[in-house]
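> next one to model:
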Amino acid sequence: MMILIAAVVLAVGLVGAAALLNRRPSAAVGAPAGSKAEVALSTQRASESEAQQIETEALQRSSESRAEVVRLEKRLLHREETLDVRLEEVAAREHALDERTGEIERLRQRQIIELERVAGISASQAKSILLKELEDQIRHDSARLVRQVEDETKRDADRRVRNILAVCMQRMAAGHAAETTVSVVQLSADDMKGRIIGREGRNIRALEHLTGVDFIIDDTPNAVILSGFDGVRREIARMTLEKLLQDGRIHPARIEETYYQAKSELEGHILEVGEQACLDANVQALDSHLTAVLGRLKYRTSYGQNVLTHSIECAHLAAMMAHELGASPKTARRAALLHDIGKAVSHEVEGPHALVGGDLARKHSESEAVAHAMEAHHNEVEPQTVEAVIVQAADALSGARPGARGESLEQYVKRLRDLEQIATRHEGVDKVYAMQAGREIRVIVEPGALDDDGATLLSHEIAREIEQQLDYPGQIKVTVIRESRATDYAR
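Down below sits the predicted model:
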């Protein structure tokens, strides 16, 4: 290869020398023979020098190319080795995965065999039974839905008649029912209603969601009606709305902040009301927690009668009867004042309010005589003391006086409470609100306890339980709300 390159270079040099000789014919003709030899020799040397330079450059480039080829070969070899190692790792992982998959399948088959042995039926039989039950359930639901659609026209006519009757009844019963189920917030101007509703109803939805109270915004001039059977919720809603109107900023974030502020203020006010009730009933040294629970009775009613007023009345009656009968006025007065505190916590603790109240009194250092008299006032336990019988009599006297109670309202409130208690018993439920006069129940669940499918099943289960346990006109809508929030603070 090198000899070939040198020959090519020499040939190129000779051709170049000949070309130079041809360019100067006149000088070559007139010059002597010695000069021609010198010129030819000089030209030959120049050609050889140029050929050597070209050969040197060619060798250098060839050496560089070989070095580059060697480098690329080494790099390719390294990549091949790396790829081989990775392929071996992947193969090992695949083998381990296959082994685990096989082990899992063997365990699954073993569990299926064990389940079949315990249940006494095969997997295919269990699947057939489940499908049959689901088919029967779906057929039943479909048939019921068809009946509902067929009766829609009749119900619509009945609904219109009931609405007309309800308007007439409200005009007659406003002095009684409105005091216990409705609060009215006065507005400075009618255009405030639009701000309360908010864009696309966001504000009013936030208010109803937080408070559990219906906000009725209709043609009533300069007024918003708050409707709800729970007096504490209704009072918190009233305070929240009034604070928002006074502040002027009404949006969901501000609504939530104001709601918790109003709730905190009301808790302080409830404690003050409980302390005042103790003074009015002449009861001393009552535990602070019991005092707060007693204050909550201001916002509870029993057959239309304010429970706190009823309790104070019972305390005075019981003390007077105890004096006449030679019993302990102090025990009778104290038990009569506290006999209905279970109604203030009955939503949170299951059981009759008399037994709930008795347990609460024991937990906060009340005597056994007081707790027993509280538990016995509705005969959940047999009365064993004179004071227990006196509390029974005082409760009956206070409730039986003319105009003290109205049965229809209490039945309505009891139905709403039963609705809420049915939903509260389920796992994962955070809050429950009966809305729209008992025609709708809203269940707020903890997002971490239930997923979306679980929320759907929960609504179905609650609807089933309501159908089986309660009697009601028309239909009740069950809405399960699952809301997720993520909160952080920029510092």
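> does Arg415 sit in a helix or strand, and which one?
In this assignment (DSSP states H and E), Arg415 forms part of helix 407-424.
> remind me, longest helix of this structure?
Longest helix of the chain, by residue count under DSSP state H: helix 33-119.
> the inter-axis angle of the helix or strand following it versus helix 33-119?
Per DSSP H and E, the first helix or strand lying C-terminal to helix 33-119 is helix 123-150. Going by axes from the mean of the first three to the mean of the last three CA atoms, to 10 degrees, helix 123-150 is angled at 80 degrees with respect to helix 33-119.
> which parts of helix 123-150 are buried?
By 16 or more other CB atoms under 10 Å, helix 123-150 has no buried positions at all. Where C-beta positions appear, they are placed from N, C-alpha and C, glycine not excepted.
> show me where the protein has its strands.
Per DSSP state E, the chain carries strands over the ranges 182-186, 214-216, 223-227, 301-302, 305-306, 429-435, 440-445, 477-482.
> dump these to CSV, plus distance to Cys314 and mean pLDDT.
Shown next, in CSV, are the strands of the chain (distance: least, CB to CB, whole Å; pLDDT from 0 to 100):
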stretch, distance to Cys314, mean pLDDT
strand 182-186, 27, 81
strand 214-216, 32, 87
strand 223-227, 29, 86
strand 301-302, 11, 74
strand 305-306, 11, 80
strand 429-435, 28, 86
strand 440-445, 33, 89
strand 477-482, 38, 89
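> tell me the domain ranges of this structure?
2-97, 120-150, 154-266, 282-405, 410-482 (automatic domain parsing).
> which one of those domains is the most hemmed in?
domain 282-405 (a mean of 20; mean count of other CB atoms under 10 Å).
> re earlier: which one, of the strands of the chain, ends up nearest to Val273?
strand 305-306 (11.4 Å; CB to CB).
> so how far is that closest one from its chain's centroid?
Centroid separation for strand 305-306 versus its chain: 36 Å, with CA atoms, centre = their mean, to the nearest Å.
> strand partners (parallel or antiparallel) of that strand?
According to DSSP bridges, strand 305-306 has the following sheet partners: strand 301-302 (antiparallel).
> now the partner strand, how far from the centre of its chain.
That offset, for strand 301-302, works out to 32 Å (CA atoms, centre = their mean).
> now do stretch 391-398
45 Å.
> repeat that for stretch 309-316.
Stretch 309-316 sits 42 Å away from the centroid of its parent chain (CA atoms, centre = their mean).
> also stretch 246-265?
20 Å.
> stretch 459-470 now?
That offset, for stretch 459-470, works out to 22 Å (CA atoms, centre = their mean).
> send the alpha carbons of it over as CSV?
Provided in CSV are the C-alpha atoms of stretch 459-470 (Å, rounded to 0.1, in the frame of the first residue of the first chain):
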residue,chain,number,x,y,z
SER,A,459,-76.4,5.6,49.5
HIS,A,460,-78.1,2.4,48.3
GLU,A,461,-77.7,0.7,51.8
ILE,A,462,-79.1,3.8,53.6
ALA,A,463,-82.0,4.0,51.2
ARG,A,464,-82.8,0.4,51.9
GLU,A,465,-82.7,0.8,55.7
ILE,A,466,-85.0,3.9,55.5
GLU,A,467,-87.5,1.9,53.5
GLN,A,468,-87.4,-0.9,56.0
GLN,A,469,-87.5,1.1,59.3
LEU,A,470,-89.5,4.3,58.6
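> what about that stretch, average pLDDT?
Mean pLDDT, stretch 459-470: 88.
> that older thread, export the strands of the chain as CSV, with columns for distance to Thr331.
Below are those laid out as CSV (distance: least, CB to CB, whole Å):
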stretch, distance to Thr331
strand 182-186, 37
strand 214-216, 43
strand 223-227, 40
strand 301-302, 23
strand 305-306, 24
strand 429-435, 37
strand 440-445, 41
strand 477-482, 46
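> how about these, which one is nearest Ala143?
strand 477-482 (20.0 Å).
> and that closest one with strand 440-445, angle?
Using the same axes, to 10 degrees: strand 477-482 against strand 440-445 is 20 degrees.
> from the chain's centre, how far out does strand 477-482 sit?
Centroid displacement of strand 477-482 relative to its chain, using CA atoms, centre = their mean, is 12 Å.
> for stretch 120-127, same thing?
That offset, for stretch 120-127, works out to 38 Å (CA atoms, centre = their mean).
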